[in-house]
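Trainee: how would this look folded up:
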Amino acid sequence: MVSGLRIRFEELHQFVVDALVSTGMSAEHAQWSADTLATTDAMGVFTHGTKLLIGYLKKLKAGGYRPTAVPTVERQGPAWGIVDGQSALGMVGCITSMQLAIDKAKQCGIAYVGLKNTGHVGAIGYYASLAARQGLIAMVSGNDIPSVAAPGSRNAVLGSNPIAYGIPVAGGDPIMLDMATAATAGGKVYAAVQRGEPIPSTWLIGPDGKPTSDGGLYPASASLAPMAGHKGYGIGLWCEILSAVLPGGNMTWQVGSWLFDDPSLPSRHSAYFMAIDVSVITDRARFDAQLRALIDEIHATPTADDVDRVLVPGEREWERYHASKKDGIQLPSDVVEKLHLASEITGIVPNWLRK
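Mentor: Predicted structure coming up:
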């Protein structure tokens with residue numbers, strides 16, 4: 001196992017750009033994807049950052065994801081659209097769709113865009129934050145091959161189907177929530193197993209339909225538990241319907257495994273993007289002042305003895321992001337190992353990987 005390392009954000013970002021461009025991807029699309037992955041690492045969410053690059057490169061090189069694909073608008077109206085991702089890398093389809101939702105919301109106040117036939121979507125909170133940085137409220141969700149049990153089931157019924165939102169905060173970082181509708185993300189189970197770490201018994205459902213703490217059973221013989229039982233199951237179903245059923249994309253077992261399928265096969269994920277332009281719907285100054293008052297009220301609430309203050313969603317991640325931009329990103333060993341594999345498959349060996 002290689003050791004971890006600290007790397008400047010710009011160096012990591014450039015490596016991802018160069019690696020993706022080597023597959024034939026345009027510089028613009030490679031920049032979008034690198035922004036997503038490097039920012040996710042900078043936030044400390046290492047399961048969904050550049051650790052995924054090697055898997056994406058394999059799909060792009062084998063043709064399962066098309067490096068030169070340009071997502072197209074299949075159908076649209078003033079406040080809605082359906083985008084065919086054309087089996088491009090998920091970051092490309094998602095940023096295209098989020099920007100379309102933003103543009104339509106600026107005209108109509110609120111907009112929905114469904115995305116089908118795209119690659120694995122990665123950390124969807126990033127796309128919600130893009131809208132929030134432009135002053136819009138956003139909600140984003142996606143689907144995946146089933147890996148999550150329903151209450152009482154022995155087998156997986158839905159994907160971990162993430163859901164995220166972003167809220168613009170005047171003079172500050174957006175409020176941002178990004179969560180799986182499973183008790184945990186599958187990547188966290190893989191990471192724990194790779195590191196030889198135990199997992200809580202609340203993360204997995206074994207083949208008998210009962211909780212298990214044996215991470216080695218996942219995904220062949222165990223499913224992720226739904227977040228908060230029937231509540232997470234219900235939200236996951238909502239994500240499946242808005243992401244896949246409404247736009248006519250692939251759902252549940254029609255979605256491929258981007259990790260385990262033949263890399264020449266598309267995965268055909270789906271996602272949806274909703275945007276609300278605050279300035280169209282309400283008085284912007286009033287909204288900003290009221291939201292600030294709400295945040296201040298939350299920060300001022302009494303806390304437990306060992307807690308400094310209550311945070312709003314995303315606050316810890318943005319603190320890590322700013323620290324990483326200033327001092328570099330401390331990548332764990334399992335991420336560095338995957339970056340070495342990405343270097344080998346592309347032949348691109350930056351100096352910081354030679355150490």
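
Trainee: Run through the stretch 251-355 of the chain and note the low-pLDDT ranges.
Mentor: Counting by pLDDT under 70, the stretch 251-355 of the chain shows low-confidence ranges at 355.

Trainee: now the helices for it?
Mentor: 278-281, 284-299, 315-327, 333-346 (DSSP state H, counting those that start in this stretch).

Trainee: Format those helices as CSV; extra columns: distance to residue 183 and mean neighbour count.
Mentor: For glycine as for every other residue, the C-beta is placed from the backbone atoms N, C-alpha and C. Converted to CSV, those look like this (distance: least, Cβ to Cβ, whole Å; neighbours: other Cβ atoms under 10 Å):
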stretch, distance to residue 183, mean neighbour count
helix 278-281, 33, 15
helix 284-299, 25, 13
helix 315-327, 20, 16
helix 333-346, 21, 18
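
Trainee: For residue 240, which of these is the nearest?
Mentor: The closest approach between residue 240 and any of the helices of the stretch 251-355 of the chain, judged by Cβ to Cβ, belongs to helix 315-327 at 25.9 Å.

Trainee: What lies in contact with the closest one?
Mentor: 6, 9, 39, 41-45, 125, 173-176, 330 (Cβ atoms under 8 Å, 6 or more residues apart in numbering).

Trainee: now stretch 216-234
Mentor: By Cβ under 8 Å, 6+ apart, the residues outside stretch 216-234 that reach it are 146-151, 153, 155-158, 160, 179-184, 186, 189-190, 193, 202-207, 211-212, 214, 235-236.

Trainee: Among the residues you listed, name the buried ones.
Mentor: 146-150, 156-158, 160, 179-184, 186, 189-190, 193, 203-206, 212, 235-236 (16 or more other Cβ atoms under 10 Å).

Trainee: Give me the phi and psi for the residue nearest the centre of the chain.
Mentor: Nearest residue to the geometric centre of the chain (Cα atoms, centre = their mean): residue 123, 1.4 Å. Dihedral angles of residue 123 (phi, psi; degrees, to the nearest 10) stand at phi -80, psi 100.

Trainee: Ok, residue 81 next?
Mentor: Torsion angles, degrees, to the nearest 10, at residue 81: phi -160, psi 150.

Trainee: Is residue 221 part of a helix or strand, or is it coil?
Mentor: coil (DSSP: H, G, I helix; E, B strand; the rest coil).
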